[in-house]
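**Q** Quick one, what's the 3D model for this:
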Amino acid sequence: MNKIKKFYCSASVVFAIFVLVLTIAFAFSPTHAYATESDAAAAADALQDLQVDSTSGAADASDDLNNGISIVYNNDSGSLSGAIRILLVLTVISLAPSILIMLTSFTRIIIVLHFVRSAIGTQTAPPNQVLIGLALFLTLFIMAPIFSQINEEAIKPLDAGEITQEEAFEIGMQPLREFMYEQTQAKDLKMFCEIADVTYDPENLDDISVTVLIPSFIVSELRTAFIIGFLIYIPFIIIDMVVSSILMSMGMMMLPPTTISMPFKILLFILADGWNLVIGNLVKTFY
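**A** The predicted model follows:
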């Protein structure tokens, strides 16, 4: 065993010396030296070209004060560079959830659906993903005419260069303003006008800014959603009271009333076609 180890060590040393000799011979061979000189000359030429290009590029960069980001206007027809468009798109995408929740019917729908689930007593049925998905598609159904109007009157003309960005924003906000005006209660709008020190004129609502209209709309949506939720709770509370009274009269005080009442509430919701009634009447509140 020791002889094998000594032979392996000797062979390793001989192989290492052989590789070292070959490396030294290749490094100092004429062919390699020629290749090295040619590579050095090519590298020098490339460096010289790079210096010339950098000099001309520096001159171009000094002329381009916007560093590739520019906004071009042709007779008040604005067009954006690619970098600006990407920045605007990313900004809109980051703010899209807030815009969808706050400026559409999503808030009222999701709150009412939450009240329905809480009134029935099922804690996780339907799950949150189902409720949010249902509220999202109902929102798209309700807001589809408004989104189509914004696309036809603001987005397409802006993309074609027919209107400026400011005009596109004003035209695109007009359908949303009309939708929010119809759903906003007068007392909420008046309250925020008083806070902002703005004159409230019911005959001329176009003078009210978006910063006053949006919070008024959100508060009105919350009030309307809670009123609908209260009305939904009433029949289910009656079932809870009846079941609780029966259990108390039978002396079964240790049995939770919700355990017995929940199947009856689900049965009542099914027999009354609850989803059709809730969703149908909820959607009709926006028309």
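**Q** so where is the stretch 1-150 of the chain shaky, pLDDT-wise?
**A** Low-confidence segments of the stretch 1-150 of the chain (pLDDT under 70): 1-82, 85.
**Q** the helices in the protein, which residues?
**A** In the chain, the segments counted as helices under DSSP state H are 2-27, 30-63, 82-102, 106-120, 128-150, 156-159, 165-183, 186-195, 210-249, 257-271, 274-284.
**Q** Tell me which of those sits most buried.
**A** The highest mean neighbour count among the helices of the chain, using mean count of other Cβ atoms under 10 Å, belongs to helix 106-120: a mean of 21. All C-beta atoms are positioned from the backbone trio N, CA, C, and that covers glycine.
**Q** Tell me which other helices or strands that one touches.
**A** The contact analysis (3 or more Cβ pairs under 8 Å, 6 or more residues apart in numbering; DSSP states H and E) places helix 106-120 against helix 128-150, helix 210-249, helix 257-271, helix 274-284.
**Q** Can I get those in CSV including distance to V116?
**A** Compiled in CSV, the helices and strands packed on helix 106-120 are given as follows (distance: least, Cβ to Cβ, whole Å):
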stretch, distance to V116
helix 128-150, 9
helix 210-249, 6
helix 257-271, 8
helix 274-284, 6
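**Q** got the contact list for the residue nearest to I111 when sequence neighbours are not counted?
**A** Distances taken as Cβ to Cβ, 6 or more residues apart in numbering place A225 nearest to I111, at 3.8 Å, with adjacent residues excluded. Residues near A225 by Cβ atoms under 8 Å, 6 or more residues apart in numbering: T107, R108, I111, V112, F115.
**Q** now the residues you listed in CSV, with distance to Q165?
**A** Formatted as CSV, those follow (distance: Cβ to Cβ, whole Å):
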residue, distance to Q165
T107, 28
R108, 31
I111, 35
V112, 37
F115, 41
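**Q** Determine which two of those are furthest apart.
**A** By the measure Cβ to Cβ, T107 and F115 form the most distant pair in the contacts of A225, at 12.9 Å.
**Q** From A196, how far off is I142?
**A** For I142, the distance to A196 (Cβ to Cβ, to the nearest Å) stands at 28 Å.
**Q** I171: which of the helices and strands packed on helix 106-120 is closest?
**A** helix 128-150 (8.0 Å).
**Q** got the angle between that closest one and helix 165-183?
**A** Inter-element angle recorded for helix 128-150 and helix 165-183: 120 degrees (by axes from the mean of the first three to the mean of the last three Cα atoms, to 10 degrees).
**Q** which residues are contacting helix 128-150?
**A** In contact with helix 128-150 (Cβ under 8 Å, 6+ apart) are residues 100, 104-106, 109-110, 113-114, 117, 126, 171-172, 175-176, 179, 279, 282-283, 286.
**Q** Could you rerun that using 7 Å?
**A** Helix 128-150 has contacts (Cβ atoms under 7 Å, 6 or more residues apart in numbering) with 104-106, 109-110, 113-114, 172, 175-176, 179, 283, 286.
**Q** Kindly report the same for stretch 195-204.
**A** By Cβ under 7 Å, 6+ apart, the list of residues contacting stretch 195-204 from outside reads A186, L189, K190, C193, D207, I208, V212.
**Q** Same question for it: list its buried residues.
**A** Within stretch 195-204, the residues scored as buried using 16 or more other Cβ atoms under 10 Å are V198, Y200.
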